[in-house]
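Undergrad: My questions are about this predicted structure, shown below with the sequence.
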Amino acid sequence: MIKTRCNYHKKKQRKSSSIQRYWHYYKLRLLRLKEHPQRIARGFAVGVFAGCFPLIGLQFIMAIIFAFIVKGNKFTAVIGTWVSNPFTYVPLFLFNFQVGKLIVNIFIPNNQMEFSWDSLKQISDLGAEITATLLLGSAIIGVFFSFVAYYLILNLLKKWKNIK
């Protein structure tokens, strides 16, 4: 019994130490980038923006294109897309859809987009409306999270590099 507890705590400690190791690794990668913190933060922000869209597979391409446009770091842009990953796809995109639905209902009163998940025919009939609502919600959430990510990364980099 005591041996099992010790093994459990060792496994738990090993798991938390590996997470800390990954965090430390990416922190060092950010600190070793030879660019201005604003460029690094801009890259990360556009990556987060691209990561909020349900275009799995195209998010990296979007992030790199946006990084070129805003003169941000391409590496951090790709890292920023990890905001959507297999663990966050469903909650993120459902939340984006709900935000899009809320905005659509504000501007188009009496827009009833109620459907039953049981009926695939009904979902396919509303396909364009569902897609447009999801993309609208993704854009709004993407803009919000990209601003948060920009200032968060910028402040962290300034703190870590002791820049005022």
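TA: Nice, thanks for sending it over. Numbers count the residues shown, from 1 in each chain.

Undergrad: from here on, contacts and neighbour counts on C-alpha atoms
TA: Fine.

Undergrad: For the residue most central in space within the chain, give me its contacts.
TA: Centroid check for the chain by C-alpha atoms, centre = their mean gives Val83 as the closest residue, at 2.5 Å. Going by C-alpha atoms under 8 Å, 6 or more residues apart in numbering, Val83 touches Val48, Gly51, Cys52.

Undergrad: ok, 10 Å please
TA: For Val83, the contacting residues are Gly47, Val48, Phe49, Ala50, Gly51, Cys52, Tyr89, Leu92, Phe145, by C-alpha atoms under 10 Å, 6 or more residues apart in numbering.

Undergrad: Kindly report the same for Gly72.
TA: 35-47, 63-66.

Undergrad: Identify the residue spatially nearest to it, adjacent ones excluded.
TA: The shortest distance from Gly72 to any non-neighbouring residue, by C-alpha to C-alpha, 6 or more residues apart in numbering, is to Gly43 (4.0 Å).

Undergrad: surely the one you found meets Met62?
TA: No: between Gly43 and Met62 there is no contact under C-alpha atoms under 10 Å: 11.5 Å.

Undergrad: what do those two both touch?
TA: Counting by C-alpha under 10 Å, 6+ apart, the shared contacts of Gly43 and Met62 are Phe49, Phe68, Ala77, Val78.

Undergrad: how about the helix or strand that the last one is a member of as PDB, C-alpha atoms only?
TA: Of the helices and strands defined by DSSP states H and E, Val78 is found in helix 74-80. Taking only C-alpha atoms (Å, rounded to 0.1, in the frame of the first residue of the first chain), the coordinates of helix 74-80 have been written out as PDB:
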ATOM      1  CA  LYS A  74       6.500  33.700 -37.900                       C
ATOM      2  CA  PHE A  75       7.700  31.200 -35.300                       C
ATOM      3  CA  THR A  76       5.500  32.700 -32.500                       C
ATOM      4  CA  ALA A  77       2.600  33.000 -35.000                       C
ATOM      5  CA  VAL A  78       2.700  29.300 -35.500                       C
ATOM      6  CA  ILE A  79       2.900  28.700 -31.700                       C
ATOM      7  CA  GLY A  80      -0.100  31.000 -31.200                       C
END
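
Undergrad: pLDDT averaged over that helix - what is it?
TA: What helix 74-80 shows for mean pLDDT is 89.

Undergrad: Between Gly43 and Met62, which is the more surrounded one?
TA: Gly43 (32 against 21; other C-alpha atoms under 10 Å).

Undergrad: Lovely, talk soon.
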